[in-house]
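Asks: I need the structure of the sequence given here:
(chains A and B)
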Amino acid sequence: METKDKVLMINPEKCTGCRLCELVCAVKHDGSSNPARSRIRVMKWEMDGVYIPMACQQCQDAPCMGVCPANAISRNDDLNKIEIDYDKCIGCRSCVAVCPFGAMGFNSIDRKVFKCDLCDGDPQCVRFCEVQAVEYVDADDVAILKKQEAAAKLHATSHKVALKEA
Amino acid sequence: MALDRKIAYINLTTGEVEVKPIPLDVRRKFLGGRGLDAYLLLNHSEKGCDPLGPDNPLIVSGGILTATCASATARTHVMAKSPLTGLLGSCNMGGFFAPEMAWAGFHHLVIKGKAEKPCYIYIHNGEIEIRDAKNIWGKTTTDTQWAIRDELNDQEVKALVIGPAGENLVTFANVMTGIKNAGGRTGMGAVMGSKNLKAVACRGTMDINIAHPVEALEYNKRFIDQITSAKVNKTQGTLGTPFIWGATNSWGGVRTRNFQYNQCEYADDIEPEAIDEICEDTMGPYHMSGCFGCQVHCRAQYRIPSGPLKGRYDEGPEYTSQGAFGAETDTPRAETVLVGNHLVDQYGMDNLETGSLISWAMELYEEGIITSKDTDGLDLRFGNDEAVLEMIERICFRKGKVADALANGGIPASKTFGQNSFDYLIQVKGMSNLHSDERATPALALNIATSSRGSDHLRSRPAIDLYHLPEKVLRKIYSSPIPYDGPLSSEHTEYIGKAWQVFWQENCYMGVDCLGICKYHTTFLGATLPNFEDWPKVLYYNTGLEFTPEELWDIAERCNMVERLFNLREGLSREDLEKGDMINHRYFDEPCRRGAPDVVGLMIDKEKFTVMIDEFYEHKGLDKKGKPKAKTLKRLGLQNEPSHML
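Replies: Numbers count the residues shown, from 1 in each chain, chains lettered A, B, ... in the order given. Predicted coordinates:
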């Protein structure tokens, strides 16, 4: 399948909170196990059993791109992603401050900003997530997949109601 | 590098902290995790030290692979001399603590002394601080963790904590992290309490560089695929461990009414499917969660569905809670199991020990050894749900004569209750058995009798023995990495060859405990899962260290021998009912009364059992009394212990 229209689709409900995505992301990109280096991070509300993976949305009108004073951030249409040109980046961290998802990180070991690059079309977080809380799908399909899931829930509920009435 | 992770010696009396590297030759002998902990315990404790005194070293660790790119390296291990047994204290838990400790720079902590007032240890990127805990002392396990996060203003902090039970020196108080991950057994929470140590909190962002990252990533994928494709793990990921309880109860392997029956009847309410339905109703269709890096995701989420605590969130219940607060006490009601599970999680006490001791007390009540006068009017009869929950509360806070005695552990309580109360206590080495009934399964009986921390299923249980695998399959598993051409039997009621299986499993489980990997990722419940043959690659890709499967076997055998040396030093002897490799007389005298046709009427044959122990000792290189032969110690390089290398 073409990668130019694909996006990460995150379904927090399915996330088990194991953080394997963080581990494999850091190892893939930096050869090091360290969540501080991961492009995807799982935020948790442990007393509610809620886990939400957060990653770059590769925004169409990306605030990081707009704010960058060095024009170091641009859109790569082939992979449908926002990327950083480290030759231009001055490390001002304006992009970190402006990202509404906290998806632009700053690595205090290497003193560099970093973000999801979709592993050049083979995102490891997706590859390793057995429960498919993170998927790599065609952008056009996201809405229909969400519709199917929501409809399945409605179906299950109506089935339960029908069973009770019977 | 994982091998850069350090060991810290923390003295709570003086406040001194010393940090050392872990030499490679120590790694090559003891690897890490539980194995190296055993070495540290033997070397840093004096014979006969008071388990609740300042000289008992509390050792906290992750495995050598913790937080590396290997599957499910979530396990934290805690070791000390046990206040419950007076022998080896050891517990192991999942969650996210050990990885955070590794990212904070440490693999092992040796905590000695006693703080003048309540404190907690905070470890942050190589720095160790002892902080005042006056504001968190008295809090439950989860409240403690959130209070520490708030105080440190960092929601990513992971902490290992005790609840009120540990503060009250309940000898089977556990240590906990997260909502339900518990280092349950042998009372390590009481050791923390005795040191005025409420918690160890960690936060780390230090790199663990992977020796061969590309290969590690690819091998990890293969490893995970192997693990998640096992049927047993698929089921664990759907129903959690309650499925084991359901399966075991169906053929008659669940202790009921202490030890009167081997199967719980009228248990529909706590069958795995019923528990799962509650999880789904209260938490939705995706209600399973996982420990660090694990794709088995066996932890169910639930809210208490009814009663005074309705709506409270917790995780589990594990199959041990179904046994502890359902079958053993003959209260097979979901609400009792779920509330009981929640209370022990919050108070920080071992669910297995708590349920077992309550059911023992119930049998004593039935026999008239304990009366309603002793219980301050509480009707401690089997089947009384309210009494079970009330007793959990009373034990934690040591309320009343019976609960206070139980809080000291089974053997001391038997001396308080007097008469023949000890005869009814289902324990080995002073630790109560879990809810399983081993009368029909000699291999499992041998396992609980010889386990280094007392009656337990996670040290050497050949669980796959129950699958009736063809002999050639058994032979394939059990003849590697060390050749074995002795007898093996597919029949779980047999005695033949079981000693070798227990010996093999003992080394296998020590292996994963040194690596820091969960037992669901090795030959425990699944016959197709990775073990010695697969571990060298994982170790090499992640750490760069080269081992053969045989070398890893030798390390596991060596570490198990170190645990035995500790126990022998502290008074272990073969036949001793309180401190020996011996099970309760009821295993030999009272036949199974329920269960599958081939189980009814079975009990353990004492003569055959004795032969099994002899064989087991022979495999381990012990003499008839259970002491290591000189040549065994030499073979394992243990002739000069304690050697004080670290």
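
Asks: contacts, neighbours, all on C-alpha from now
Replies: Fine.

Asks: okay, residue 14: pLDDT?
Replies: Here I'm looking at chain A. Turning to A:Lys14, the model gives it a pLDDT of 96.

Asks: look at chain B instead
Replies: For B:Thr14, the model assigns a pLDDT of 98.

Asks: List phi and psi for it.
Replies: Backbone torsions of B:Thr14, given as degrees, to the nearest 10, read phi -100, psi -20.

Asks: What residues does the stretch 251-400 of chain B have near chain A?
Replies: When proximity is defined by CA under 8 Å from any CA of the partner chain, the stretch 251-400 of chain B lies next to chain A at B:286, B:288-295, B:297, B:301, B:313-314.

Asks: Apply 6 Å and report the result again.
Replies: Taking CA under 6 Å from any CA of the partner chain as the criterion, the stretch 251-400 of chain B approaches chain A at residues B:Tyr286, B:Ser289, B:Gly290, B:Cys291, B:Phe292, B:Gly293, B:Cys294.

Asks: quick one: which of the residues you listed is nearest to A:Lys14?
Replies: Comparing those against A:Lys14 with CA to CA picks out B:Tyr286 as the nearest, at 5.6 Å.

Asks: Now do the SS call for the closest one.
Replies: When classified by DSSP: H, G, I helix; E, B strand; the rest coil, B:Tyr286 comes out as coil.

Asks: Pull the number of nearby residues for the residue nearest to B:Lys29 when sequence neighbours are not counted.
Replies: Once flanking residues are discounted, B:Lys29 sits nearest to B:Ile555: 5.9 Å by CA to CA, 6 or more residues apart in numbering or on different chains. The local packing count at B:Ile555 equals 23, with neighbours defined by other CA atoms under 10 Å in any protein chain shown.

Asks: What lies in contact with whatever helix or strand B:Ile555 lives in?
Replies: Assigned by DSSP states H and E, B:Ile555 belongs to helix B:549-569. In this structure, residues lying in contact with helix B:549-569 by CA atoms under 6 Å, 6 or more residues apart in numbering or on different chains are B:29-30, B:35, B:38, B:42, B:87, B:481, B:507, B:510-511, B:532-533, B:636.

Asks: and it, average pLDDT?
Replies: 98.

Asks: Okay, buried residues for it please.
Replies: B:549, B:551-568 (16 or more other CA atoms under 10 Å in any protein chain shown).

Asks: again, but for stretch B:461-477
Replies: For stretch B:461-477, the buried set under the neighbour-count rule, 16+ other CA under 10 Å, comprises B:Arg461, B:Pro462, B:Ala463, B:Ile464, B:Asp465, B:Leu466, B:Leu469, B:Leu474, B:Arg475, B:Ile477.

Asks: Quick check, pLDDT for the last one.
Replies: For B:Ile477, the model assigns a pLDDT of 96.

Asks: so how far is chain B from the residue nearest to the spatial centre of chain A?
Replies: For chain A, the residue whose C-alpha lies nearest the mean C-alpha position (CA atoms, centre = their mean) is A:Ala55; its distance is 2.9 Å. Applying CA to the nearest CA, to the nearest Å, the value for A:Ala55 to chain B is 17 Å.

Asks: shouldn't B:Pro118 be in contact with B:Ala133?
Replies: Yes: counting by CA atoms under 6 Å, B:Pro118 sits close enough to B:Ala133 to count as a contact (5.1 Å).

Asks: Of the contacts of helix B:549-569, which is the most crowded?
Replies: B:Gly511 (32 neighbours).

Asks: so it, which of the three states?
Replies: Secondary structure of B:Gly511, reduced to three states by three-state DSSP: helix.

Asks: ok, so what distance separates it from B:Ile64?
Replies: Relative to B:Ile64, B:Gly511 is positioned 11 Å away (CA to CA, to the nearest Å).

Asks: swap in B:Cys202?
Replies: Between B:Cys202 and B:Ile64 the computed distance is 18 Å (CA to CA).

Asks: Show me the domain layout of chain B.
Replies: Annotated domains of chain B cover B:2-203, B:242-432, B:442-635 [automatic domain parsing].

Asks: Among the ones you listed, which comes closest to A:Leu79?
Replies: Nearest of the domains of chain B (CA to CA): domain B:2-203, 26.9 Å.

Asks: ok, for the residue of the stretch 1-150 of chain B found nearest chain A, nearest residue in space, not its chain neighbours?
Replies: Of all residues in the stretch 1-150 of chain B, the one sitting closest to chain A is B:Thr68 (5.8 Å; CA to the nearest CA). In space, not counting the residues next to it along the chain, B:Thr68 is nearest to A:Ser33; the distance is 5.8 Å by CA to CA, 6+ apart.

Asks: quick one, what contacts the one you found?
Replies: Residues counted as contacts of A:Ser33 (CA under 6 Å, 6+ apart) are A:Leu23, A:Ala26, A:Val27, B:Thr68, B:Ile208.

Asks: Look up the pLDDT of it for me, please.
Replies: Per the predicted model, pLDDT is 97 at A:Ser33.

Asks: Ok, the one 3 residues further on next?
Replies: Looking at A:Ala36, its pLDDT reads 95.

Asks: For it, what are phi and psi?
Replies: As for A:Ala36, its main-chain torsions (degrees, to the nearest 10) stand at phi -60, psi -20.

Asks: Which residues lie in contact with it in this structure?
Replies: When the contact criterion is CA under 6 Å, 6+ apart, the partners of A:Ala36 are B:Thr205.

Asks: Count the residues that sit near B:Glu491.
Replies: Counted with other CA under 10 Å, the neighbours of B:Glu491 add up to 17.

Asks: okay, it: pLDDT?
Replies: At B:Glu491, the pLDDT recorded in the model is 95.

Asks: And the strands in chain A?
Replies: Counting by DSSP state E, the segments of chain A that form strands are A:6-10, A:32-33, A:41-45, A:50-54, A:73-76, A:81-84, A:105-107, A:112-114, A:134-138.

Asks: Please work out which of these is packed deepest.
Replies: strand A:32-33 (a mean of 28; mean count of other CA atoms under 10 Å in any protein chain shown).

Asks: and that one, how far out from the chain's middle?
Replies: Between the mean C-alpha location of strand A:32-33 and the chain-wide mean there is a distance of 19 Å, by CA atoms, centre = their mean, to the nearest Å.

Asks: So what are the sheet partners of it and their directions?
Replies: Within its sheet, strand A:32-33 is paired with strand B:208-209 (antiparallel), according to DSSP bridges.

Asks: Quick one: name the residues of chain A near chain B.
Replies: A:Lys14, A:Thr16, A:Gly17, A:Cys18, A:Arg19, A:Leu20, A:Gly31, A:Ser32, A:Ser33, A:Asn34, A:Ala36.

Asks: and the lengthiest helix in chain A, average pLDDT?
Replies: Among all segments of chain A classified by DSSP state H, the helix with the greatest residue count is helix A:139-165. Over the span of helix A:139-165, the pLDDT mean works out to 81.

Asks: repeat for stretch A:78-93
Replies: Computed over stretch A:78-93, the average pLDDT equals 95.

Asks: Repeat that for stretch B:227-234.
Replies: Mean predicted confidence for stretch B:227-234 is 92.

Asks: From one end of it to the other, what's the distance?
Replies: Note: stretch B:227-234 ends 9 Å apart using CA to CA.

Asks: How far does it sit from its chain's centre?
Replies: Distance of stretch B:227-234 from its chain centroid, counting by CA atoms, centre = their mean, is 22 Å.

Asks: and what of stretch B:615-633?
Replies: Stretch B:615-633 has its average C-alpha position 25 Å from the chain's average C-alpha position, going by CA atoms, centre = their mean.

Asks: Now it: buried residues?
Replies: Within stretch B:615-633, the residues that qualify as buried are B:Glu615, B:Phe616, B:Tyr617, B:Glu618, B:Lys620, B:Gly621, B:Leu622, B:Gly626, B:Lys627, B:Pro628, B:Thr632, B:Leu633, counting by 16+ other CA under 10 Å.

Asks: Noted, bye for now.
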